[in-house]
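>>> the sequence and its predicted three-dimensional model are supplied below.
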Amino acid sequence: MENTSVVPHRQFSPADKPSPLLCLYDSRRNEYYYPVGASYKGNTARLRYSNGSVATVTVSIEKKQYFKFTLQDVVPRNGIDVVQWGPFHTSITGLFGEIIGVARDTTETGNFAIGVLALNDTTMGGPASDPADLGQFEYIIHTPDPKRFPLPPGLHEGQRFSIGGDGINDVAFYSHPEEYYRMLYGDAASIDNLGRISICYHARDRRKGRMVFDSSKTQLAANAANHQEVQPVPTVDIKGSSIALYGCPDSVALLGLIKNIVLREGLPYPAYAVNGSASRVWVKDPARYTPDVSTSGRLFDSTVSYVSQLGFKAIQAEDIGFYWPDRADKGYIDGEAFHFTAGNKTHKQFADMANALGIDIGRHTVTTALGRGTGDLNPPSDSLCVLLKKTLAKDVGAADLDITVTDPRWLDETGPAEGHDKSLNIVKIGKELIHYEGVSNTPPYALQHVTRGYWGTKATVHEKGAPVDKMQASCGGGYAGLIPDINLQDSIAAYYADVSIKNGIHYIDWDGEEFLFDQGMGTYSVKRFHRVLFERAAKGGIGYLRIMGAGVSEGSWHYQSVWNVGGGKNMYDQVHRSWGIEGKDIRNVAYANYFPATFGITGGPGRSSTVRQFENLEAVSVGVGVTYMLDLRQTSVEACPEKYAIFSAIRAWENARAAGAFPGWVKNDLADPTQYFHLRQIDADTWELYHVDADGNNPVLFKKLSRATGY
């Protein structure tokens, strides 16, 4: 792999680590097979393997920009149920994008990126050997710059550590302030003990069910692995798996190449007009990194006016709280939830006010967790996700607490892997949910500490031989619910589209986004969920859905617009202009994967707020490539003497950002917290950027900015 645009050509393929195009994997034997021979004719390669299998791959070079590889088939299979593209080993030791699979040399002298994109839902980031198709949430040691951040004695490249905390408190996950502790949100890219980056993708034959024992969430006891019988998906095979392999200067990779792959291959492309622009701008374009508003105080008289003056495009009604998906309401979640002095408004009425000004209304959800009392749990659906399938050993009366099964294996595992909440240790027999704690270890195998008719279901008679299904649950506390199987998940995705269509809510925040992994299918289920949602929403006339979530995965990267999690000093200290540990970790993950970083929920205008405070915030936001949710409380805003000046200053920065007016070298200076700036808008296409002192005084013209072509 060479960069042929420089002399001498730069070779990126390590001599000691050849890169196979395609590996085969037998998950039952935990064995890889690497190609031992190949023939090439026309646009077809035939790869031979030591187990007797032959893989047929079509190859094309698209627009002289990237290679497209598509697997036609593996014949004979000979036990092969997973294929792996790569690993493509590189000598690049800079930034690694573990979510989308990219190796990045961002130095001025290097400036090159090598990456892979999946071209369909069945192809996913990461190695074939990962049983749950999802990398572990943990720290890895990797310095992005050995001169600035040298590794201390006792640490080496590629070393892995657990996240912090108890595995339940998400703020405490982020526990290392050092830049060389890198949080992992996937495994499409990884590093070796020299810091060299490798990339791989895989596809799995899902036509048969399988048993997995895995917890990809953390290494902590609170999230220890459970056994899970993964549901078969009859239509999903390895045939047709396809990737794009690309290499180009890193400075143009996102907008000059990845964007072209997305458009040419028909991948999801959420985009819409920015601040009056006639053209639709891709949400991955840094010009589209527009902040949002988070409401508090539950008073909405002036919210739309505030947001319009700021130039923002979305409002999340955070103070209303999250809502559960409940198909029983058929998508109508109205109710007069938005409080106005002159009388309350429904979701639809408030959304109509905002949508008319190009502002999206959003709500905070629990993704696919099905809560107690919702339509799919009362009575419980037969399409809930099952961890273990057992059989009733003898008849059970409606009042009996003696419930025995023919096979007790793994029923002693507590609750879901996320948190192991004992209250979620639930089995389903017929239409009854039953809570239990443990199982006897000698015959007859009886469930212990049984509670019949759990969560408001009805205790009934069950006959010997009836299925006893242990349910997959979300996690405890305010998120306690059961998980749908892949088919019911399709229906819930369609439900969310209906909510958007019927209520005008075009902004959705997936709290508990990790619940989309709980069927044991990794990012395949994430892609499938979002595809159903977006396609149904489009048919309902919604051209753009703004998606926010608790995380970002290879499955959501194409669909998700922002990642505005957390807030306060855990994320970013506005006063001292410094990153908190959580903010540092999320920033580094986002930046490496060409995704907007975030400050999370950020303090809005109040009694003592100044324009300088928000110009400082906007400068770093534009420089680094950060979005945030500005907390707006009407009583606080009205108490702010400088509210209109603050609105005007923020809007000037956002207008310039949307116009693509900031060159890369200017952004580098804006990102420096020791420098201070003031931006003055001259007209619709021109701005003057001034250096100022820490108090905003002594302005010196730094750069005259103009609207970029195409914006």
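Received, thanks. Numbers count the residues shown, from 1 in each chain.

>>> secondary structure element for the most centrally placed residue in the chain, which one?
For the chain, the residue nearest the mean C-alpha position is Val552 (1.7 Å; CA atoms, centre = their mean). Element membership of Val552 [criterion: DSSP states H and E] is none; it lies in no helix or strand.

>>> setting the sequence-adjacent residues aside, check what's closest to it.
The shortest distance from Val552 to any residue that is not its chain neighbour, by CB to CB, 6 or more residues apart in numbering, is 5.5 Å, and that residue is Trp563. Every residue, glycine included, has its C-beta placed from N, CA and C.

>>> burial count for that neighbour?
24 (other CB atoms under 10 Å).

>>> tell me where the stretch 501-650 of the chain has strands.
Here the stretch 501-650 of the chain has its strands, by DSSP state E, counting those that start in this stretch, at 505-510, 546-549, 572-573, 578-579, 597-602, 626-633.

>>> just to revisit the earlier point, the residue nearest to the centre of the chain touches Ala592, doesn't it?
No. Because the distance of 11.2 Å does not satisfy CB atoms under 8 Å, Val552 is recorded as not touching Ala592.

>>> re the thing from before, residue contacts, the residue nearest to Val552?
Shown in contact with Trp563 (CB atoms under 8 Å, 6 or more residues apart in numbering): Met548, Gly549, Gly551, Val552, Ile586, Ala590, Phe595, Pro596, Ala597, Thr598, Thr627.

>>> confidence score at it?
We note a pLDDT of 97 for Trp563 in this prediction.

>>> on that earlier part again, mean neighbour count for the strands of the stretch 501-650 of the chain - can I get that in CSV?
Supplementary listing: those in CSV, determined by neighbours: other CB atoms under 10 Å:
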stretch, mean neighbour count
strand 505-510, 25
strand 546-549, 24
strand 572-573, 22
strand 578-579, 18
strand 597-602, 25
strand 626-633, 24
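
>>> quick one: closest of those strands to Gly42.
strand 546-549 (41.0 Å; CB to CB).

>>> the closest one packs against which elements?
Where contact means 3 or more CB pairs under 8 Å, 6 or more residues apart in numbering; DSSP states H and E, strand 546-549 is packed against strand 360-365, strand 505-510.

>>> now with 7 Å, please.
Helices and strands in packing contact with strand 546-549 are listed as strand 505-510; criterion 3 or more CB pairs under 7 Å, 6 or more residues apart in numbering; DSSP states H and E.

>>> CA atoms of stretch 527-547 as CSV?
Once non-C-alpha atoms are left out, stretch 527-547 reads as follows in CSV (Å, rounded to 0.1, in the frame of the first residue of the first chain):
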residue,chain,number,x,y,z
LYS,A,527,-27.9,-0.8,11.1
ARG,A,528,-31.1,-2.7,10.6
PHE,A,529,-32.9,-0.7,13.2
HIS,A,530,-31.9,2.6,11.8
ARG,A,531,-32.6,1.5,8.2
VAL,A,532,-36.2,0.6,9.0
LEU,A,533,-36.6,3.9,10.9
PHE,A,534,-35.2,6.1,8.2
GLU,A,535,-36.9,4.4,5.3
ARG,A,536,-40.3,4.6,6.9
ALA,A,537,-39.7,8.2,8.0
ALA,A,538,-38.8,9.1,4.4
LYS,A,539,-42.0,7.6,3.1
GLY,A,540,-43.8,9.8,5.6
GLY,A,541,-42.3,12.9,4.2
ILE,A,542,-39.4,13.4,6.7
GLY,A,543,-36.3,14.4,4.7
TYR,A,544,-34.0,14.5,7.7
LEU,A,545,-34.0,12.8,11.2
ARG,A,546,-31.5,14.3,13.7
ILE,A,547,-30.2,11.3,15.7
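
>>> contacts for it, please.
The contact list for stretch 527-547 (CB atoms under 7 Å, 6 or more residues apart in numbering) reads 121, 268, 270-272, 314, 360, 362, 486, 489-490, 493-494, 496-497, 500-501, 506-508, 516, 555-556, 559-561.

>>> list the buried residues for it?
Neighbour-count burial for stretch 527-547, with 16 or more other CB atoms under 10 Å as criterion, is recorded at 527-534, 536-537, 542, 544-547.

>>> quick revisit: let's have the contacts of Trp563 in CSV, adding distance to His576.
What follows is the contacts of Trp563, written out as CSV (distance: CB to CB, whole Å):
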residue, distance to His576
Met548, 27
Gly549, 28
Gly551, 27
Val552, 27
Ile586, 18
Ala590, 21
Phe595, 25
Pro596, 22
Ala597, 18
Thr598, 18
Thr627, 21
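
>>> from the residues you listed, pick the one nearest Leu151.
The shortest separation between Leu151 and any of these is 22.0 Å, and it belongs to Ile586 (by CB to CB).

>>> ok, back up a step: got phi/psi on the residue nearest to the centre of the chain?
The phi and psi torsions at Val552 (degrees, to the nearest 10) take the values phi -130, psi 130.

>>> check the one 5 residues further on too.
Dihedral pair for Trp557: phi -50, psi -40, per degrees, to the nearest 10.
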